[in-house]
Structure formats: C-alpha cells, structure tokens
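Colleague: using only what follows, build the 3D model:
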Amino acid sequence: MHADDTSHRPGLHAIASRFLPRNLSTYSVAGGLGDELMIWGVLQSFAAQRPSARVTFHSRFAEVLKQVPSTIHVIPYDSGSLPKDSKGLGYVGKTQLSINEQMASRLGLVPDEYPIPLPSFPRDAPGGKYPSTGRIIVIQPVASAWTPNKQWPLAYWTTLVESLPPDATVVELGQSSFFPAPPRHPRFVSIAGSTSVPAYLAAISHATVFLGPPSSGMHVAHAYGVPSVIIVGGYEAPVYPYPRAIQLHTDISCSPCWLCSACPYDRACLRNITLRWC
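Modeller: As a prediction, this is how the structure comes out:
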C-alpha cells in the first residue's frame, strides 16, 4: 500500500459523525415555514448520520411534520417551555454558503443531501380549489417581508405570466395577491391569502413547475421533487442545494448583499433578470 493511499481511511462524513451530539433539541430562530423546512432537512441528515441520537424539533408547523414517518420527535413550539439546552438555528448572511449549510454547520454536520420529507395532500385541500386539468404552473411572486430585495418587479412578473402557455393553469400563491389587476392569461387564478398550510403544500406538490423567489415555496418544491425556476437576484448567493431548481442570479459587485433596507441601486440585480416562457 502506498503512503498516500486513502481508500481505507474514513470519509469526512464518517469522521464528523463521531463528534455529533448524542441528543439534540432544536428550533427555528426566524420561525417562517421556509426556515423550518430547511431545518427539517438538516435534521433528517443529522438523524441519518447519528441514528442512535434522540432528535427533537420544536416546530411551529408540528401538525404537518408529525404526519411524516420519522425518528425525529416533533413538538409544537412554545418559547416558554424550550429546554435550556435547545439550539436555535438561523443564518448569519454575507456568505457564499447556502442557508442549509449554515444551519448544518451549527450542528457540526457535513451532509451530502438535504431531504425535506412532507406528507401528501389532495389537490382539493381546504382553501386550495382551482381548475386542475392539464399542466399546472404555480407562482409565488412575493417572498417574506424580511427584505424588499428579493422582489422581482411587477411588470416583469406580468410579462412572464402573460407569456405562459394558454392551456396551462397558472396558480398564484402567497399571503396576498401581488397583482393590482389579474394578468391577461386565460387560466390565471389567484388563491393567495386563502390557503391553509395543507392547501399551500398541495398546490406546489401537484404542480408541473414552480416559479418564484427564494421562499418557502422553493423549499416545498424541492421537498416534492417539483422542478422550479428561482429568481435569486443578488440579495443572496444562488447556492441552495436543490438539484431540480434553476437559480437565476446577477453576479454584480455588491452581491450577495443580505440587505434588509432599501437597495441604493434600485435592485439592479433583479431588474437585470428577464424571463419569458418559450
């Protein structure tokens, strides 16, 4: 055997797993659905690398996550009753690491994949009824209110929707409709603001494709294996570890900025991204 032969040395993941804690109690610092889904994926990888550990997730979406067969204990989040040793997971920004990787590194974890298992829901889950024959294109134009610098301009969204195939149903999701007037598409329907969490998950899970900024919808699309086009812009780096996501990004000198106040350049990174259905 040569001195530099590494074929029998333990891999990085095997070495790292030796130092993972035996028990883990965690929760999301931010608490949004997207944040919790990223943590859910990180914890799946943790449990796979440390199968003997007791992993507890204090989740604001416990009723959904508890429907997934898992060794992870899911408990409804209550800030007043969190164990003292619970670890809050969030992100620091201003880095080229994906938020998933940032969270995993807080646990000493180096995963290959970030699976996000979610339960199946029917198309007609409460608050989610819409014509569902043929192709379904789901859009979520608005991300969270955390920053205005993920927002692709209204005119761009309108142009994109009006270019989508007329035989496809275009379903808008979100807390409220982004459009002052509906785009001129014959099968556009907005259920924004009227969906339960199961209906929101159902709409994306049955989609042909998902379109939107980095948001909870992006993570849900990854969870269900739905192809997605993500308009990243320049607020953050296009490094989410989701193999079925096309991440559109503008590589300019101020990116990634992680800026939560108004952009001094009028979001040039987003205005430089144009997109039409061909």
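
Colleague: please make it C-alpha for all contacts and neighbour counts, starting now.
Modeller: OK.

Colleague: by mean pLDDT, which helix or strand of the chain comes out lowest?
Modeller: helix 12-17 (a mean of 46; mean pLDDT, DSSP states H and E).

Colleague: note down every partner strand of the following helix or strand past that helix and its orientation.
Modeller: Using DSSP states H and E, the helix or strand that follows helix 12-17 in sequence is strand 23-28. Next to strand 23-28 in the sheet, as set by DSSP bridges, lie strand 54-59 (parallel), strand 87-89 (parallel).

Colleague: could you pull out the buried residues of the longest one?
Modeller: Buried residues in strand 54-59, counting neighbours by 16 or more other C-alpha atoms under 10 Å, are found at 55-59.

Colleague: now Val220: how far from Ala168?
Modeller: According to C-alpha to C-alpha, to the nearest Å, Val220 and Ala168 sit 21 Å apart.

Colleague: higher neighbour count, the two?
Modeller: Val220 (25 against 19; other C-alpha atoms under 10 Å).

Colleague: just the strands in the chain please.
Modeller: 23-28, 54-59, 73-76, 87-89, 136-139, 169-172, 188-190, 209-212, 228-233, 245-249 (DSSP state E).

Colleague: would you turn those into CSV with distance to Pro264?
Modeller: Putting those into CSV (distance: least, C-alpha to C-alpha, whole Å) gives the following:
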stretch, distance to Pro264
strand 23-28, 31
strand 54-59, 36
strand 73-76, 40
strand 87-89, 30
strand 136-139, 27
strand 169-172, 29
strand 188-190, 32
strand 209-212, 23
strand 228-233, 15
strand 245-249, 18
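
Colleague: longest helix of the protein?
Modeller: helix 33-49 (DSSP state H).

Colleague: which positions in that one come out as buried?
Modeller: In helix 33-49, counting by 16+ other C-alpha under 10 Å, buried: 33-47, 49.

Colleague: go on, stretch 176-190?
Modeller: 177-178, 183, 185, 187-190.

Colleague: of all those, which two lie farthest apart?
Modeller: Greatest spatial distance among the buried residues of stretch 176-190 (C-alpha to C-alpha): Phe178 and Arg187, at 16.6 Å.

Colleague: Ile252: neighbour count?
Modeller: 11.

Colleague: same check on the one 4 residues further on?
Modeller: Applying other C-alpha under 10 Å, we find 22 residues neighbouring Pro256.
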